[in-house]
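1. please work out how this folds:
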Amino acid sequence: MTTISLAKPSDVNAIEQLYLACKDDLLHRQIFQWDDTYPNRAYFEDCIKEGSIYIMKDGEQLLGVVVIDELQSPEWREIDWRHDNPLVIHSLMVHPEGQGKGLGRNVLEFSERLAVERGYASIRLDSFTGNEAACNFYKRHGYVERGNVHFDSKPKGHERYVCFEKELV
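-> Below you'll find the predicted structure:
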């Protein structure tokens with residue numbers, strides 16, 4: 001049975017290993033959205049301290065991770081957002097061996113329920129335009145494209161990200 005809960009400091013090694021497996025899978029597919037600077041172990045440790053990182057487990061096995069907070073990239077200022085009071089999803093990961101089995105949907109639905117419980121009106125996130133599977137995943141779950149941003153920190157040819165938003169009712 002899968003459970004989703006706040007991550008504890010003792011979870012950081014497993015989170016880092018899950019991230020590395022996801023990053024390797026992306027690189028294998030020529031998707032350069034994550035690198036050694038973001039996300040990384042220090043980022044995950046900060047998220048644990050802030051209480052913004054949630055983990056999905058089946059028993060002791062870590063299956064997925066998501067960071068949920070109010071932080072929005074400065075690049076997002078130019079986006080034509082339609083809804084106020086957003087919660088923001090970052091670093092949603094499902095172990096490559098668990099992808100395509102509904103685990104990502106479970107993490108996304110958990111994030112949406114949490115946002116509603118906390119009184120947020122919408123959820124925002126961005127996804128690398130070259131990661132078609134992720135972009136289609138968000139569209140299938142009711143997220144609407146609001147525009148594109150350019151991250152100078154990403155490798156050349158991999159700087160464009162699409163911003164998504166979903167109104168919560």
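
2. low-confidence stretches in this protein?
-> Applying pLDDT under 70 to the chain picks out residues 155, 157.

3. in it, which spans are helices?
-> Using DSSP state H, the helices of the chain run over 12-28, 41-50, 103-117, 132-140.

4. quick check: angle from the second one to helix 12-28?
-> It refers to helix 41-50. Angle between the axes of helix 41-50 and helix 12-28 is 130 degrees (criterion: axes from the mean of the first three to the mean of the last three C-alpha atoms, to 10 degrees).

5. tell me how many other residues crowd residue 158.
-> Neighbours of residue 158 under the rule other C-beta atoms under 10 Å: 17. (C-beta placed from N, C-alpha, C; glycine too.)

6. contact partners for it?
-> 32, 33, 128, 130 (C-beta atoms under 8 Å, 6 or more residues apart in numbering).

7. try residue 69
-> Neighbour list for residue 69: 47, 50, 52, 87, 88, 90 [criterion: C-beta under 8 Å, 6+ apart].

8. quick check: bridge partners of it?
-> Note on residue 69: beta-bridge partners by DSSP bridges are residue 88.

9. separation between it and residue 112?
-> Computed as C-beta to C-beta, to the nearest Å, the residue 69 to residue 112 distance reads 15 Å.

10. got it, and residue 2?
-> Applying C-beta to C-beta, the value for residue 2 to residue 112 is 17 Å.

11. next one: residue 58
-> Per C-beta to C-beta, residue 58 is found 21 Å from residue 112.

12. looking at those two, which is more packed in?
-> Higher neighbour count among residue 58 and residue 112: residue 112, with 20 against 13, using other C-beta under 10 Å.

13. do I have it right that the more buried one meets residue 143?
-> No - Residue 112 is beyond contact range of residue 143, at 10.2 Å (criterion: C-beta atoms under 8 Å).

14. overlap of the contact sets of the two?
-> 123, 166.

15. which residues are in contact with stretch 123-143?
-> Under the criterion C-beta under 8 Å, 6+ apart, residues 26, 30-33, 72-73, 76, 81, 86-90, 92, 104-105, 108, 111-112, 115, 145, 148-149, 158, 160-166, 168 lie in contact with stretch 123-143.
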